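**Student:** with the input below, show me the fold.
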Amino acid sequence: YGEFVMESDPNPSFDFSSGDAFQLDFSAASPSGEVWVLVQTDSHGGGPNEGYAMTQISGPGLVLVPFSSFTNLQELDFGDVDSIRVRLHAEDASTVYSLASIEVVPEPSAALLLGVGIVGLVLVRQHSRWRH
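**Tutor:** Residues are numbered from 1 along each chain as shown. Just a heads-up that it's a prediction; the model follows:
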């Protein structure tokens with residue numbers, strides 16, 4: 001069992017609204033186990049809202065945890081995150097984990113628009129070279 005905690009201070013909170021998933025990069029993970037990601041958000045007047053997602057890990061590498069997989073999704077505001085906890089569970093006490101980074105993966109639509117824009121610029125530039 002291990003835990004990594006990232007908390008805001010409390011204001012400003014973390015804004016992950018442009019994302020679609022958390023990407024966890026494990027530089028070491030032996031043997032396999034479960035990864036639980038717990039998110040706490042502000043409910044703007046009420047108490048905090050919490051949700052979690054669980055996925056399996058089978059070794060070093062990247063693990064994607066989509067925002068859509070979180071419990072209590074309708075109550076979570078990924079634009080106002082107070083804390084993130086990554087908990088690692090394994091049956092074997094000799095388990096070794098090393099979490100190298102946590103990143104937010106942008107929504108596919110944002111990445112697609114950026115890619116289309118870059119391709120458009122390249123085509124316009126090539127077209128202007130052909131005309132000269």
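
**Student:** distance of Pro66 from Asp92?
**Tutor:** Per Cβ to Cβ, to the nearest Å, Pro66 is found 28 Å from Asp92. Just so you know, the C-beta spots here come from the backbone N, C-alpha and C atoms, and that holds for glycine as well.

**Student:** these two: which has the busier surroundings?
**Tutor:** Taking neighbours as other Cβ atoms under 10 Å, Pro66 and Asp92 compare with Pro66 leading, 13 against 10.

**Student:** so who does the more buried one touch?
**Tutor:** Contacts here follow Cβ atoms under 8 Å, 6 or more residues apart in numbering; on that basis Pro66 touches Asp20, Ala21, Ala53.

**Student:** same check on Val35?
**Tutor:** Val35 neighbours (Cβ under 8 Å, 6+ apart): Leu24, Met54, Thr55, Gln56, Ile57, Val63, Val65, Val86, Arg87, Leu88, His89.

**Student:** I am finished for the moment; much appreciated.
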